[in-house]
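Peer 1: Here you go, sequence then predicted model.
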Amino acid sequence: MSRRGMLAASAASAAVTTIPAARAKTASAQPAPSMARIALTVNGEARELELDTRTTLLDALREHLQLTGTKKGCDHGQCGACTVIVDGRRINSCLSLAVMHDGDTVTTIEGLGTPDDLHPMQAAFIVHDGYQCGYCTPGQICSAVAVLEEIEAGIPSHVTGDLTAPAEATNMEIRERMSGNICRCGAYSNILEAITEVAGRQA
Amino acid sequence: MKAFTYERAATPAGATAAFAKAPGARFIAGGTNLLDLMKLQIETPAHLIDVSRLALDTIEPTKEGGLRIGAMVRNTDLAADARVRRDYGLLTRALVAGASGQLRNKATTAGNLLQRTRCPYFYDTNQPCNKRQPGSGCAAIGGVSRTLAVLGASEACIATHPSDMAVAMRALDASVETVDAAGKARAIPIADFYRAPGTTPHLETMLEPGELITAVTLPKPMGGTHIYHKVRDRASYAFALISVAAVVQKDGSGRVALGGVAHKPWRVEAAEADMPRGAKAVASGLLAGATPSHDNAYKLPLVERTLAGVLAEAKG
Ligand SMILES: Cc1cc2nc3c(=O)[nH]c(=O)nc-3n(C[C@H](O)[C@H](O)[C@H](O)COP(=O)(O)OP(=O)(O)OC[C@H]3O[C@@H](n4cnc5c(N)ncnc54)[C@H](O)[C@@H]3O)c2cc1C
Ligand code: SF4
């Protein structure tokens, strides 16, 4: 649980154990859950779901579609473990409501490749040992695949020198563009090698 | 998160009409700030109006020779637009200095302007905070205020506005276009868009409830060298401690706006006359009337030194 999550949780328990009347009152005035039907294409398959509107895309994938490859880290868009690719773009699935994605196409780590038919980025992470515990890895790999596409598409980054020249897959560019994916084990140098190898192969 | 009902708006008029029917509703665009705050029950809307699919996602030339940026243009697309990169490099630089690639893919022009403060006490629902709960006090004053405001603050709130994009928009003299439920459109210069905290820090902008941002316009390009320097605790993926956005012309004249120092991007036009005289002169005008705390007094020399670096870089 994140520090913020912990603070929020302790605030909730304070409402039960101590007196703050105003807080207890708002807690009892909880409106009834609202449900919505949505359709998604996930890893090439059409899926329909009936969900509480509060469900994030991350929870829809993990809890409702049992696609547990995508991980919940901080649940606040800070760590990148929940990164998936929606309509061709990487996003934090924890900071997005599933209902907002009705009609969208989602690719998760399970859709990039399978154990028998690995995506080149998955294979490169294995060769270069781009992980230790592996928890951040699905997010790292989804992000890395999208990063190389963003460079191809000429999208600039904070370290791009000339804004009017095409972007290049240099070490500095890859590191900067991957900064939204945190690895607590610190496997960064191996992750960088894996991505660099795939970038070289693509070029 | 509190339960809420949800609808997807098809048109701007549909969005404002939906708000008129459900006062207390919120628009949601990229969701990267609002949803975060809803998870913490800092924001508890009973109804969400999804504006993310409105056809406000294009960047068009204006007849004055500038650009009209749709409210739903994603931060990534705005930063990557060829015209923005060529003529408003400051804006691209500020955008790519903010958040992460994933977040910029979702974050919108309007949502970025309206993102709320990162004051740690605003986020901690156990603490008094006039912005989160009007009248409850301010835990930041006398608390840990290292990241907080040194200018424009009040006795009720010393929060800073966290946006990088808004700092560039201020230096570029952008204007915010809106429409209300009655269909009335107006344009608010970004200089007047953010409210001073005063005694009502929960009121952050000049927008009326239910007023929808439709676009942000930029005046015609002004040339010059565009530089955005963001100083932060990490080299990437961290909010600004301070930032300097500058456009410097060949003759040394130009304009400067600061981020991370106030409730809004901070610009003092009168101080810009001193630009050819160097950073010390400009900084003294920009920072006049500052009220730093023990924790954030470092921001004043940091602004001056960062500005000196920017001016040196502009000279080449
Ligand atoms: C981990 C993390 C790091 C970040 N780092 C940075 C950083 O370094 N620099 C930086 O600048 N930002 C940073 N951000 C913030 C990010 O830029 C904002 O979350 C984003 O720009 C908000 O845009 P959105 O479209 O997702 O807004 P939303 O969350 O959808 O909305 C934000 C607010 O705007 C309102 N709104 C949205 N659209 C409209 C409209 N058309 N009219 C009227 N009201 C509207 C909503 O009701 C809501 O109140 C970071 C965020 C995270 C989570
Ligand atoms: S500085 Fe503003 S946002 Fe922070 S605790 Fe005080 S009132 Fe709240």
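Peer 2: Good, I have the coordinates. Ligands and ions are numbered 1, 2, ... in the order given.

Peer 1: Please name the nearest non-neighbouring residue to the residue nearest the centre of chain A.
Peer 2: Residue closest to the average C-alpha location in chain A (CA atoms, centre = their mean): residue A:83, at 1.5 Å. Excluding the flanking residues, the one nearest residue A:83 by CB to CB, 6 or more residues apart in numbering or on different chains is residue A:139, at 4.0 Å. C-beta here means a position set from N, CA and C on the backbone, and glycine is covered the same way.

Peer 1: From residue A:66, how far off is that neighbour?
Peer 2: Noted for residue A:139: a distance of 18 Å to residue A:66, by CB to CB, to the nearest Å.

Peer 1: neighbour-wise, which of these two wins?
Peer 2: The residue with more neighbours, out of residue A:139 and residue A:66, is residue A:139; 28 against 8, by other CB atoms under 10 Å in any protein chain shown.

Peer 1: Can you tell me the element the more buried one falls in?
Peer 2: helix A:137-152 (DSSP states H and E).

Peer 1: Show the average pLDDT along that helix.
Peer 2: For helix A:137-152, the mean pLDDT works out to 98.

Peer 1: Give me the buried stretch members for it, please.
Peer 2: A:137-148, A:150-151 (16 or more other CB atoms under 10 Å in any protein chain shown).

Peer 1: how distant is it from the center of its chain?
Peer 2: Mean-position distance between helix A:137-152 and its chain equals 11 Å (CA atoms, centre = their mean, to the nearest Å).

Peer 1: so, in contact with ligand 1 or not, it?
Peer 2: No. Helix A:137-152 is not in contact with ligand 1 by CB under 6 Å from any ligand atom; minimum separation 13.6 Å.

Peer 1: Apart from its chain neighbours, what residue comes closest to the residue in chain A that chain B sits nearest to?
Peer 2: Closest residue of chain A to chain B, CB to the nearest CB: residue A:180 (2.5 Å). Excluding the flanking residues, the one nearest residue A:180 by CB to CB, 6+ apart is residue B:100, at 2.5 Å.

Peer 1: The one you found: how many residues sit nearby?
Peer 2: For residue B:100, the neighbour count with other CB under 10 Å is 26.

Peer 1: Verify the contact between it and residue A:90 for me.
Peer 2: No. Judged on CB atoms under 8 Å, residue B:100 makes no contact with residue A:90 at a distance of 9.3 Å.

Peer 1: Run a quick neighbour tally on residue B:204.
Peer 2: Residue B:204, neighbours per other CB under 10 Å, totals 20.

Peer 1: now the one 10 residues further on
Peer 2: If you count neighbours by other CB under 10 Å, residue B:214 ends up with 21.

Peer 1: how about the helices in the stretch 51-200 of chain B?
Peer 2: B:75-80, B:82-87, B:89-96, B:101-106, B:109-114, B:120-123, B:165-171, B:190-193 (DSSP state H, counting those that start in this stretch).

Peer 1: The fourth one - contacts with which helices or strands?
Peer 2: Spelled out, that is helix B:101-106. Helices and strands touching helix B:101-106, by 3 or more CB pairs under 8 Å, 6 or more residues apart in numbering or on different chains; DSSP states H and E, are strand A:89-92, helix A:137-152, helix B:75-80.

Peer 1: hmm, 10 Å instead?
Peer 2: strand A:83-86, strand A:89-92, helix A:137-152, helix B:75-80 (3 or more CB pairs under 10 Å, 6 or more residues apart in numbering or on different chains; DSSP states H and E).

Peer 1: I'd like the ones you listed as a markdown table, with distance to ligand 2 appended.
Peer 2: Formatted as a markdown table, the helices and strands packed on helix B:101-106 follow (distance: least, CB to the nearest ligand atom, whole Å):
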| stretch | distance to ligand 2 |
| --- | --- |
| strand A:83-86 | 30 |
| strand A:89-92 | 24 |
| helix A:137-152 | 31 |
| helix B:75-80 | 24 |
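
Peer 1: of those, which approaches residue A:172 most closely?
Peer 2: Across these, residue A:172 has its closest neighbour in helix A:137-152 (11.8 Å, CB to CB).

Peer 1: quick one, strands of the chain?
Peer 2: Went with chain A since none was named. A:35-42, A:45-52, A:83-86, A:89-92, A:105-107 (DSSP state E).

Peer 1: Hmm, no, I was thinking of chain B.
Peer 2: So, for chain B - with DSSP E - the strands run B:5-8, B:26-28, B:47-50, B:59-61, B:67-70, B:175-179, B:185-189, B:212-218, B:225-231, B:242-248, B:254-259.

Peer 1: and residue B:64, what does it touch?
Peer 2: Residue B:64 sits next to B:217, B:218, B:219, B:220 when contact means CB atoms under 10 Å, 6 or more residues apart in numbering or on different chains.

Peer 1: Would you check how far apart it and residue A:44 are?
Peer 2: For residue B:64, the distance to residue A:44 - CB to CB - is 47 Å.

Peer 1: And the strands of chain A: which comes nearest residue A:77?
Peer 2: So among the strands of chain A, strand A:89-92 is nearest, using CB to CB, at 4.4 Å.

Peer 1: Report the backbone C-alpha coordinates of the closest one in CSV.
Peer 2: Taking Å, rounded to 0.1, in the frame of the first residue of the first chain, the C-alpha atoms of strand A:89-92 are listed here in CSV:
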residue,chain,number,x,y,z
ARG,A,89,-0.7,4.3,-26.6
ARG,A,90,0.7,3.4,-23.2
ILE,A,91,-1.3,4.6,-20.2
ASN,A,92,-1.5,3.9,-16.5
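
Peer 1: what about it, near ligand 1?
Peer 2: No. Using CB under 6 Å from any ligand atom, strand A:89-92 stays clear of ligand 1, with a minimum separation of 7.6 Å.

Peer 1: How far does that strand sit from its chain's centre?
Peer 2: Worked out by CA atoms, centre = their mean, strand A:89-92 lies 6 Å from the chain centre.

Peer 1: Ok, stretch B:242-251 next?
Peer 2: On CA atoms, centre = their mean, the centre of stretch B:242-251 falls 18 Å from that of its chain.
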